[in-house]
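Asker: give the three-dimensional model of this entry:
(one chain, ligands or ions: 1)
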Amino acid sequence: MEYNHNNIFAKILRKEIPADIVYEDEYALAFHDINPKAPVHILVIPKGDFISFFDFSMNAAPELIVGFHKAIHHVIRAYKLQNEGFRILSNHGANAGQEVPHYHIHIFGGRPLGRMLSPE
Ligand code: 5GP
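Answerer: Here you go, the predicted structure:
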């Protein structure tokens, strides 16, 4: 599968469409999910053309992999989620219901988050 440069997060990265940005550095951009599922629901995306975790974890430069994870850490710390707890999640493909084909990590927090997966 080829990376699609017209996906919505690519447009947010290029600042062609707005997002409620909470953090940005040379490796990553973080912004509020437009349809939040928890009091804190932030998306963190790497600055690079990667479709999902499966693509990123094999093909991204080591410096970007480290920088991206530190950006996630920075957001978790900025929202003080580490004491009460949080969940990070990333979808790949149809079974996971991935909607946007640019790699992103969801950060959820701010309330008890329930079961890890919804029942079948
Ligand atoms: P996925 O299902 O691909 O893991 O998650 C995609 C997420 O992106 C969804 O939670 C959805 O609400 C969010 N989303 C989709 N379009 C936009 C958008 O244009 N702006 C923002 N901020 N979030 C979006």
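
Asker: up against the ligand, what does this structure have?
Answerer: Applying Cβ under 6 Å from any ligand atom, one finds that the chain approaches the ligand through 8, 19, 31-35, 43, 91, 97-100. For every residue, glycine as well, the C-beta is placed using N, CA and C.

Asker: which of those fall in strands?
Answerer: Mapping the residues of the chain next to the ligand onto strands (DSSP state E) picks out Phe31, His32, Leu43.

Asker: do you know how far the nearest residue to Ile8 once chain neighbours are set aside is from His41?
Answerer: Spatially, and ignoring its direct neighbours in sequence, Ile8 is nearest to Val100 (5.6 Å; Cβ to Cβ, 6 or more residues apart in numbering). Distance of Val100 to His41, computed by Cβ to Cβ, to the nearest Å: 14 Å.

Asker: other SSEs contacting the longest helix along the chain?
Answerer: When the chain is parsed with DSSP state H, its longest helix is helix 62-78. Based on contacts counted as 3 or more Cβ pairs under 8 Å, 6 or more residues apart in numbering; DSSP states H and E, the elements that helix 62-78 packs against are strand 21-24, strand 28-32, strand 40-46, helix 53-59, strand 105-109.

Asker: any idea how far stretch 61-71 is from the chain center?
Answerer: Chain-centre distance of stretch 61-71: 13 Å, with Cα atoms, centre = their mean, to the nearest Å.

Asker: and what of stretch 63-83?
Answerer: For stretch 63-83 - counting by Cα atoms, centre = their mean - the centre lies 11 Å from the chain centre.

Asker: how about it: buried residues?
Answerer: Neighbour-count burial for stretch 63-83 flags Leu64, Gly67, Phe68, His69, Ala71, Ile72, His74, Val75, Ile76, Tyr79, Leu81 (criterion: 16 or more other Cβ atoms under 10 Å).

Asker: hang on, the earlier thing: what's next to whichever helix or strand comes after the longest helix of the chain, contact-wise?
Answerer: Elements were assigned by DSSP states H and E; along the chain past helix 62-78, the next helix or strand is strand 86-89. Residues outside strand 86-89 that contact it (Cβ atoms under 8 Å, 6 or more residues apart in numbering) are Val40, Ile72, Ile76, Ile105, His106, Ile107, Phe108, Gly109, Leu113, Met116.
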